[in-house]
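fold the following.
(chains A and B)
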Number of protein chains: 2
Amino acid sequence: MSPESLSDFYRGDIACLNRQGRESLGAFVHARAEHNGRPLGLAGYRALLAADFRAIPDLRFTIALLVSEPPRIASRLAFDGTPAGVLFGLPVNGRRVRFAENVFHELEEGRILRVWSLIDTGAIRAQL
Amino acid sequence: MSPESLSDFYRGDIACLNRQGRESLGAFVHARAEHNGRPLGLAGYRALLAADFRAIPDLRFTIALLVSEPPRIASRLAFDGTPAGVLFGLPVNGRRVRFAENVFHELEEGRILRVWSLIDTGAIRAQL
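Coordinates of the predicted model:
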């Protein structure tokens, strides 16, 4: 896989997340996917996505930076939304917040197997 | 610059940080360097490094993940140290803490010009 084709694959994954395409998520996420060292699996990943959209009904994933070196791809994602209630333990309660996520992905067998994610909760706290 | 040579350059930068080589930092960091959108410059970068080592006398930068696609390189850094007092607003006071940083770098003119960093302060909080 070339850096360019891995970037295209990842853009497809993000488009799938944005249309809440939970059925097609299996084309991108490995059945034994791990998130920050925690075994999630594809079912856990689908549940996480559903929880994200429950917390932030107008959630949109936007790629701010993309660095691709197969089998790994790193992205900085920009979020802009109005979380309904509590988000990452913070009482957002319908206010508009913007924040970033810096996240690494490692592919195996053509799917995302390992994810190391950090979310800028400090930025959210500063906006409340 | 190839992905491999950018990775080598970055390993050189990290080795320079670990030996607190503030004089040679100019070989890696651009004179107009920015950190999370804040103009720092090389002098500001040197001051930041000095402050890091004051806060964590036994600070050591370890590369856990490296993703290189020139002119950008992303790294996940692992830290393990005993901060003397307050770190990122948290009263660590000599306890041993481990935490990660997910950080993107963008080069211009052969030096690191832009840095987008997120530090896992939640992990530190959980260890206190």
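
end to end, how far does stretch A:81-99 reach?
Taking Cα to Cα, to the nearest Å, stretch A:81-99 runs 9 Å from one end to the other.

how many residues are close by residue A:49?
Number of residues near residue A:49 (other Cβ atoms under 10 Å in any protein chain shown) recorded here: 18. Any C-beta I mention is one placed from the backbone N, CA and C, and that applies to glycine too.

close to chain B: what parts of chain A are there?
A:3, A:65, A:67-69, A:72-74, A:76, A:100-104, A:116-122 (Cβ under 8 Å from any Cβ of the partner chain).

among those, name the buried ones.
A:3, A:65, A:67-69, A:72-74, A:76, A:100-104, A:116-121 (16 or more other Cβ atoms under 10 Å in any protein chain shown).

so which of the residues of chain A next to chain B belong to helices?
Counted as lying in helices by DSSP state H, out of the residues of chain A next to chain B, are A:3, A:121, A:122.

what angle do the longest strand along chain A and strand B:97-108 make?
In chain A, taking DSSP state E as the definition, the longest strand is strand A:97-108. Relative orientation of strand A:97-108 versus strand B:97-108 (axes from the mean of the first three to the mean of the last three Cα atoms, to 10 degrees): 90 degrees.

what about strand A:97-108, average pLDDT?
Regarding strand A:97-108, the rounded mean pLDDT is 97.

what comes up buried for stretch A:1-16?
Quick answer for stretch A:1-16 (16+ other Cβ under 10 Å): A:3, A:6, A:7, A:9, A:10, A:13, A:14, A:16.

can you list the strands that the longest strand of chain A pairs with?
Its sheet considered, strand A:97-108 pairs with strand A:72-81 (antiparallel), strand A:111-119 (antiparallel) by DSSP bridges.

using CSV, lay out those strands together with mean pLDDT.
Formatted as CSV, the strands paired with strand A:97-108 follow (pLDDT from 0 to 100):
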stretch, mean pLDDT
strand A:72-81, 96
strand A:111-119, 97
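
as a markdown table, these with distance to residue B:94 would be great.
Shown next, in a markdown table, are the strands paired with strand A:97-108 (distance: least, Cβ to Cβ, whole Å):
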| stretch | distance to residue B:94 |
| --- | --- |
| strand A:72-81 | 33 |
| strand A:111-119 | 25 |
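
out of the ones in helices among the residues of chain A next to chain B, which one sits closest to residue A:48?
Distance to residue A:48 across these (Cβ to Cβ) is lowest for residue A:121, with 16.4 Å.

is residue A:111 in a bridge, and if so with what?
Bridge pairing for residue A:111 - DSSP bridges - gives residue A:108.

gap between it and chain B?
Plainly put, residue A:111 is 18 Å away from chain B if you go by Cβ to the nearest Cβ, to the nearest Å.

next: residue A:62.
14 Å.

correct me if wrong: that residue contacts residue A:79.
Yes. Assessed by Cβ atoms under 8 Å, residue A:62 is found in contact with residue A:79 at 7.4 Å.

neighbour count winner among these two?
Taking neighbours as other Cβ under 10 Å, residue A:62 and residue A:79 compare with residue A:79 leading, 21 against 12.

least trustworthy helix or strand in chain A by mean pLDDT?
strand A:86-87 (a mean of 88; mean pLDDT, DSSP states H and E).

what helices and strands are in contact with the helix or strand following that one?
Using DSSP states H and E, the helix or strand that follows strand A:86-87 towards the C-terminus is strand A:90-91. Contact partners of strand A:90-91 among helices and strands, from 3 or more Cβ pairs under 8 Å, 6 or more residues apart in numbering or on different chains; DSSP states H and E: helix A:121-127.

give me the residues contacting the helix it packs on.
A:87, A:88, A:89, A:90, A:92, A:95, A:97, A:98, A:99, A:100, B:121, B:122 (Cβ atoms under 8 Å, 6 or more residues apart in numbering or on different chains).
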